[in-house]
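[1] Sequence first, then the predicted structure, then my questions.
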Amino acid sequence: MCKTPCENGTYGSDCNNTCGHCTDKESCFHTNGTCLVGCDPGYVGELCKTVCSQGTFGKECNSTCGNCLGECDHISGTCSNGCTPGYIGPLCRTLCSSGKYGENCNNTCGFCSDQNDCSHVNGTCFSGCDLGYVGALCKTACNNGTYGKECNNTCGYCLDQDECHHINGACVKGCGPGYLGDLCKTACYSGTYGIECNSTCGYCLDGASCSHIDGTCLNGCDPGFIGAMCRKRALEVLSFKATSLVVREGTPFEMRLSFRNMTECEFQWFHGDYEVTNTSTRYAMAMSKTDNGTSILTLHIGKSLKRDESKV
């Protein structure tokens, strides 16, 4: 008699059609399958058989998917394949916490100027790097003898040419010869040189300062000194002996001078304005050398005259 309506979620001719995803599993209209109270989350259309389009989900497909890798579930919005870098949570809508970034927020920000202020997606430091670091991620320490902001400063004269601290430029092992200070950029003060400037210059010409690095006298030595550092005496007197400290008329006299000379030299003896030479029969002057490099100069007066009298 066709008087019994379709039931148990069916509709249409001979009740051969199944109802769609009607809200709260309510049955659809038995004639045309319309969901009278709307669709379950994830479906749209009068029959509630159309899945939400890509990128949407939920009730009436009014919600937008989060930052999923691929599509989200059309019903719950869950990202089944995980989140794009910088996001976490089942819906991939939660940003990485401060100081974290990347896939699953597993990466830590580098040395950014504003501490943890990096991009939650790729880790880029928005305001640049802290002292001692460079690169988009600010994870590369200064090298090749540089330090400080953007590695724009050059290390000082560190010991053994060692690199300085990449942040503040301090020479960890101390300074090379000729420099002092934490940064080893201050040359030794005048008159000093070497490690920690602990050495004193030699007898440089006219009191000029020596090289602050190795102590070399750049303009030469004061009279009487030789060598690159002007520390060796050209003539080093070792001893002086005389038969008497007073020369008197009619008495013999002899004095002997022992010295070490670093250069070839000639000696002249004077008594007042009178030059003593071997041409006189009264004077005998001789010089000899020993095996150890010592020279001995001897002056002998056989018989002193009035003009020879003096104190030695």
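    Yep, it's here.
[2] got the contact list for Asn62?
    Contacts for Asn62 (Cβ atoms under 8 Å, 6 or more residues apart in numbering) come out as Thr56. Where you see a C-beta, it was placed from the backbone N, CA and C, and this is true even at glycine.
[3] ok, now how distant is it from His30?
    29 Å (Cβ to Cβ, to the nearest Å).
[4] Return the residues in contact with Thr154.
    Taking Cβ under 8 Å, 6+ apart as the test, what Thr154 contacts is 145-147.
[5] Save these as TSV, and put in distance to Leu159 too.
    TSV is the format used below for the contacts of Thr154 (distance: Cβ to Cβ, whole Å):
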residue	distance to Leu159
Gly145	14
Thr146	18
Tyr147	16
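[6] can you pick the most crowded of these?
    In terms of neighbours by other Cβ atoms under 10 Å, these top out with Tyr147 at 24 neighbours.
[7] got the contact list for it?
    131-132, 153-155, 164-169.
[8] again, but for Tyr189
    By Cβ under 8 Å, 6+ apart, the neighbours of Tyr189 are Cys197.
[9] same check, this time on Thr78
    Thr78 neighbours (Cβ under 8 Å, 6+ apart): 72, 90-91.
[10] Serialize the residues you listed to JSON lines and add fields for pLDDT and neighbour count.
    Listed next are the contacts of Thr78 as JSON lines, based on pLDDT from 0 to 100; neighbours: other Cβ atoms under 10 Å:
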{"residue": "Cys72", "pLDDT": "96", "neighbour count": "27"}
{"residue": "Pro90", "pLDDT": "96", "neighbour count": "15"}
{"residue": "Leu91", "pLDDT": "97", "neighbour count": "20"}
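[11] Going along the chain, name the helices of the stretch 101-250 of the chain.
    When assigned using DSSP state H, counting those that start in this stretch, the stretch 101-250 of the chain turns out to have no helices.
[12] any weak-confidence spans in it?
    236, 247, 249-250 (pLDDT under 70).
[13] of the contacts of Tyr147, buried ones?
    Buried members of these, scored by 16 or more other Cβ atoms under 10 Å, are 131-132, 153, 155, 164-167, 169.
[14] can you name the two of the residues you listed that are farthest apart?
    Greatest spatial distance among these (Cβ to Cβ): Leu131 and Cys155, at 13.9 Å.
[15] So the closest residue in space to Asn17 that isn't next to it in sequence versus Leu47, what's the distance?
    The shortest distance from Asn17 to any non-neighbouring residue, by Cβ to Cβ, 6 or more residues apart in numbering, is to Tyr11 (5.2 Å). As defined by Cβ to Cβ, Tyr11 lies at a distance of 9 Å from Leu47.
[16] I'm done for today, thanks for sticking with me.
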